[in-house]
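Visitor: Build the 3D model from these lines:
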Amino acid sequence: MPIPSTTRVCPACLADNAMGDQCVHCRAPLLLGERFAPVEAVSNKGSTRTFIGVDTHRHDASVIIKTLSVSAISEWKELELFQRGIGVLRGLEHPGIPRHLHDGEFERGGETVYYWVQERIAGRNLQQGLEQGQRWTEAQAEALARALLEILVHLQGFSPPIIHRDIKPSNIIEREDGSGFVLIDFDLVKDTLDPEGGSTTALGTAGYAPLEQLMGQAIPASDLFGLGATLVAVLSRKAPSDLVDPGEGRIDFRGHVRVSEPFAGFIEQLLAVRAAERPPDAEAALRGLSGKEEPRSSEASEAVAALPESTDDDELVVALTEASSAERPLPDTTGTITLVPVVSEHEPKVSVPATLAKDHPAPFWVFPIRIAMLFAVLFALPLGDSIAWILAAVTWIVSSFVVRYPVQLPPGRALYKGGISNTGEPGRYWLRKRLFDTPRSISNNALTLEWRPAPTRLNAPGDRVRWLELSANLRFQPRSDEVGQFSALLKYGSWSSYPHRLAKELREEVISDMAEVLSVAALFEASRQTRVSVREQVTPALTSGLAELGLTLVAVDEVHATLGAQTDDLQTEDRVDLRAAG
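Guide: Presented below is the predicted three-dimensional model:
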């Protein structure tokens with residue numbers, strides 16, 4: 001499937017270039033692996049970009065190129081998922097999976113960009129087909145189910161099994177020649193059966209991810225739920241999340257599709273809320289589709305033994321990803337959740353270094369020079385009294401802009417307020433005497449934050465109460481954009497002068513974001529009978545909460561977070577320790 005390649009797109013700055021090997025704007029390579037050239041940017045999601053490209057060694061055959069910029073990631077989990085996807089695809093050979101062609105990295109101005117290249121499948125994804133009016137019959141849906149199950153059988157045949165975690169219509173391409181279906185987008189792939197450690201940037205897409213996946217315990221049966229939801233989407237032309245029965249927490253699709261009872265029963269089995277009620281893996285589901293039903297094994301039941309049984313208040317679990325939030329708002333049947341600290345009158349215990357924000361006042365010689373300029377103007381021009389006073393005021397103001405003084409910042413500090421120009425030497429700036437404040441700099445290095453807020457009570461309508469217990473060790477630094485840097489400067493200054501503001505702002509920004517995440521009904525109700533780990537939901541809240549403070553989350557070293565119906569923790573004050581990283 002060759003495409004025109006008279007121009008090339010820079011994989012770093014996205015500028016259009018004429019034919020060549022290097023971007024004329026930023027000097028980034030235009031040929032990756034000396035072979036693959038991006039020609040069209042088709043997606044830009046945060047730190048990752050997707051391009052249509054050409055293979056210059058194969059008559060400009062079309063390829064897909066994905067890149068990830070390390071400087072743009074909000075947490076190291078993004079890099080881990082990107083590299084994991086590369087590693088998984090590199091070892092796969094199946095007609096229903098795009099072939100991995102190449103991967104590597106390049107440097108651009110001290111910035112590392114990772115990339116991988118795969119074949120481009122000729123055809124359209126199922127979501128595009130639905131948007132263009134395509135309608136499905138039961139026979140077509142059964143053929144889709146069989147094709148996807150055969151792909152999943154291949155993935156789950158590895159040890160440990162490979163779990164896709166994001167099966168949905170937009171990630172399935174129907175080949176242009178009608179010869180079959182291809183499963184794409186392995187960005188969330190998982191190749192271990194243990195619960196996901198640390199944090200994760202995403203868990204799936206709204207309406208297509210089951211409860212155990214939301215809680216970081218994806219198993220082979222989890223992908224079957226995504227397949228069942230996909231079958232519902234193509235047959236009903238409705239989003240699965242729109243068909244949720246709020247009383248039972250399941251997708252009630254039967255009234256929206258016209259299929260035979262056996263096939264409807266098969267889909268219903270794939271969509272069971274409890275993983276133990278689904279086939280244990282793709283091979284068992286494929287036998288069920290062929291009418292060779294086998295008794296379910298207990299593997300899936302054991303994998304989710306820690307999860308409580310569903311209740312009448314359960315709702316279909318929705319995962320929390322950037323894509324899902326953009327496509328469809330998360331359902332929230334619990335209503336507005338309010339935050340109530342355990343004992344709000346207790347002062348937090350806070351430790352903050354005093355040098356987060358540093359003033360750079362004008363040296364002693366600036367004032368005499370400005371006075372000399374004032375008198376020189378007054379004596380040089382014989383003017384009347386009134387005009388002289390006006391001229392004196394103007395001269396004094398102008399002198400504050402004209403008289404400059406140099407400041408040499410030590411490594412790791414950056415001036416974000418009061419600078420006139422850079423002198424050409426690293427860290428050396430010309431500053432001026434400001435009228436109402438003093439030039440300041442802040443540390444540009446990462447800071448380590450040990451944070452253990454007091455247990456927080458989450459109240460939902462119907463007198464439902466849950467307790468959030470959280471502790472986290474993380475690293476952050478000022479955001480790279482100008483607005484973020486100025487916001488960080490103000491925060492650093494206030495934290496140095498009034499340390500308790502740090503604890504207050506962390507609670508207001510981060511825990512309020514946590515409340516929005518935990519308001520998903522299935523997760524909220526799952527914690528009714530047992531204490532549930534919610535560490536998977538902490539990192540997105542930390543990322544967005546710190547961003548509101550002008551900060552970028554660099555890494556989460558350790559995090560513990562649980563949601564339960566009660567707490568035994570007697571801690572009554574927030575504890576915050578902020579210090580230089582390392």
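Visitor: correct me, but Leu130 touches Val234?
Guide: Yes - if you go by CB atoms under 8 Å, Leu130 and Val234 touch, sitting 6.6 Å apart. Every residue, glycine included, has its C-beta placed from N, CA and C.
Visitor: Neighbour count for those two, which is higher?
Guide: Each of Leu130 and Val234 has its neighbours counted (other CB atoms under 10 Å); Val234 has more, 20 against 17.
Visitor: quick revisit: overlap in contacts, Leu130 and Val234.
Guide: Common contact partners of Leu130 and Val234 (CB atoms under 8 Å, 6 or more residues apart in numbering): Pro169.
Visitor: What mean pLDDT does stretch 236-248 get?
Guide: Across stretch 236-248, pLDDT averages out at 85.
Visitor: Restricting to C-alpha, output that stretch in PDB.
Guide: Extracted in PDB, the C-alpha atoms of stretch 236-248 (Å, rounded to 0.1, in the frame of the first residue of the first chain):
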ATOM      1  CA  SER A 236     -26.600  -2.500  18.500                       C
ATOM      2  CA  ARG A 237     -24.700   0.600  17.200                       C
ATOM      3  CA  LYS A 238     -24.700   1.900  20.700                       C
ATOM      4  CA  ALA A 239     -21.900   2.400  23.300                       C
ATOM      5  CA  PRO A 240     -21.900  -0.500  25.800                       C
ATOM      6  CA  SER A 241     -21.800   2.100  28.700                       C
ATOM      7  CA  ASP A 242     -25.100   3.400  27.500                       C
ATOM      8  CA  LEU A 243     -26.800   0.000  28.000                       C
ATOM      9  CA  VAL A 244     -25.800  -0.500  31.600                       C
ATOM     10  CA  ASP A 245     -28.500  -1.700  33.900                       C
ATOM     11  CA  PRO A 246     -27.900   0.500  37.000                       C
ATOM     12  CA  GLY A 247     -29.600  -2.000  39.300                       C
ATOM     13  CA  GLU A 248     -27.500  -5.000  38.300                       C
END
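Visitor: Flag every buried residue along that stretch.
Guide: Within stretch 236-248, the residues scored as buried using 16 or more other CB atoms under 10 Å are Ser236, Lys238, Ala239, Pro240, Ser241, Leu243, Val244, Glu248.
Visitor: out of those residues, which are inside helices?
Guide: If you go by DSSP state H, the buried residues of stretch 236-248 have Ser236 in helices.
Visitor: Could you export the buried residues of stretch 236-248 as a markdown table, including distance to Lys358?
Guide: As requested, these are exported to a markdown table (distance: CB to CB, whole Å):
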| residue | distance to Lys358 |
| --- | --- |
| Ser236 | 61 |
| Lys238 | 58 |
| Ala239 | 52 |
| Pro240 | 54 |
| Ser241 | 50 |
| Leu243 | 58 |
| Val244 | 54 |
| Glu248 | 59 |
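Visitor: The host helix or strand of Asp577 - contacts with which helices or strands?
Guide: Assigned by DSSP states H and E, Asp577 falls within strand 575-580. Strand 575-580 sits against strand 349-351, strand 447-452, helix 500-506, with contacts defined as 3 or more CB pairs under 8 Å, 6 or more residues apart in numbering; DSSP states H and E.
Visitor: I'd like these as a markdown table, with distance to Cys10 and mean neighbour count appended.
Guide: Formatted as a markdown table, the helices and strands packed on strand 575-580 follow (distance: least, CB to CB, whole Å; neighbours: other CB atoms under 10 Å):
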| stretch | distance to Cys10 | mean neighbour count |
| --- | --- | --- |
| strand 349-351 | 45 | 15 |
| strand 447-452 | 33 | 19 |
| helix 500-506 | 39 | 19 |
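Visitor: Quick one: closest of these to Phe225.
Guide: Of all these, strand 447-452 sits nearest to Phe225, with 34.6 Å by CB to CB.
Visitor: Now do that closest one, average pLDDT.
Guide: 90.
Visitor: picking up where we left off before, format the helices and strands packed on strand 575-580 as TSV; extra columns: distance to Ile390.
Guide: Rendered in TSV, the data for the helices and strands packed on strand 575-580 read as follows (distance: least, CB to CB, whole Å):
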stretch	distance to Ile390
strand 349-351	50
strand 447-452	49
helix 500-506	43
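Visitor: Out of these, which is closest to Arg90?
Guide: Arg90 sits nearest to strand 447-452 of all the helices and strands packed on strand 575-580, at 35.0 Å, using CB to CB.
Visitor: and the helix or strand following the closest one, how far out from the chain's middle?
Guide: With elements assigned by DSSP H and E, the helix or strand that comes after strand 447-452 is strand 456-460. The chain centroid and the centroid of strand 456-460 are separated by 25 Å under CA atoms, centre = their mean, to the nearest Å.
Visitor: Pass me the low-pLDDT residue ranges in the stretch 451-582 of the chain, would you?
Guide: 461-463, 481-483, 519-523, 582 (pLDDT under 70).
Visitor: could you pull out the helices for it?
Guide: Secondary structure of the stretch 451-582 of the chain by DSSP state H, counting those that start in this stretch: the helices cover 482-497, 500-506, 512-518, 521-526, 535-548.
Visitor: Nearest to Ile267, out of these?
Guide: helix 521-526 (19.9 Å).
Visitor: returning to that earlier point: in the strand holding Asp577, what's buried?
Guide: Across strand 575-580, burial judged by 16+ other CB under 10 Å covers Arg575, Val576, Leu578.
Visitor: circling back to that earlier point, looking at the helices and strands packed on strand 575-580, which is nearest to Ser512?
Guide: Set against Ser512 and scored by CB to CB, the helices and strands packed on strand 575-580 come closest in helix 500-506, at 10.3 Å.
Visitor: ok, and what's touching that closest one?
Guide: With CB under 8 Å, 6+ apart as the test, helix 500-506 has contacts from 347-348, 350, 352, 451, 453, 491, 494-495, 545, 549, 574, 576, 578.
Visitor: swap in stretch 63-71?
Guide: So stretch 63-71 is contacted by 11-12, 32, 36, 38, 47-55, 78-79, 82, 98, 101, 111-120, 480 (CB under 8 Å, 6+ apart).
Visitor: change it to 7 Å
Guide: Contact with stretch 63-71 is made by 11, 32, 36, 38, 47-55, 78-79, 82, 101, 111-120, as judged by CB atoms under 7 Å, 6 or more residues apart in numbering.
Visitor: Tell me which entries of the residues you listed lie within helices.
Guide: Members of these lying in helices (criterion: DSSP H): Glu78, Leu79, Phe82.
Visitor: Among those, name the least confidently predicted one.
Guide: When these are sorted by pLDDT, the bottom entry is Glu78 at 80.
Visitor: my guess is that residue meets Arg84, correct?
Guide: No - if you go by CB atoms under 7 Å, Glu78 and Arg84 don't touch, sitting 10.7 Å apart.
Visitor: picking that back up, distance to Ile442 for the helices of the stretch 451-582 of the chain - can I get that in a markdown table?
Guide: As requested, those are exported to a markdown table (distance: least, CB to CB, whole Å):
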| stretch | distance to Ile442 |
| --- | --- |
| helix 482-497 | 5 |
| helix 500-506 | 14 |
| helix 512-518 | 24 |
| helix 521-526 | 37 |
| helix 535-548 | 15 |
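Visitor: wait, which of the ones you listed is closest to Phe266?
Guide: Nearest to Phe266 among the helices of the stretch 451-582 of the chain is helix 521-526; the distance by CB to CB comes to 23.4 Å.
Visitor: Among the contacts of helix 500-506, which one lies nearest to Phe375?
Guide: Of all the contacts of helix 500-506, Ser494 has the smallest distance to Phe375: 40.1 Å, by CB to CB.
Visitor: The closest one: how many residues sit nearby?
Guide: For Ser494, the neighbour count with other CB under 10 Å is 15.
Visitor: show me the contacts for it.
Guide: Contacts for Ser494 (CB under 7 Å, 6+ apart) come out as Arg501.
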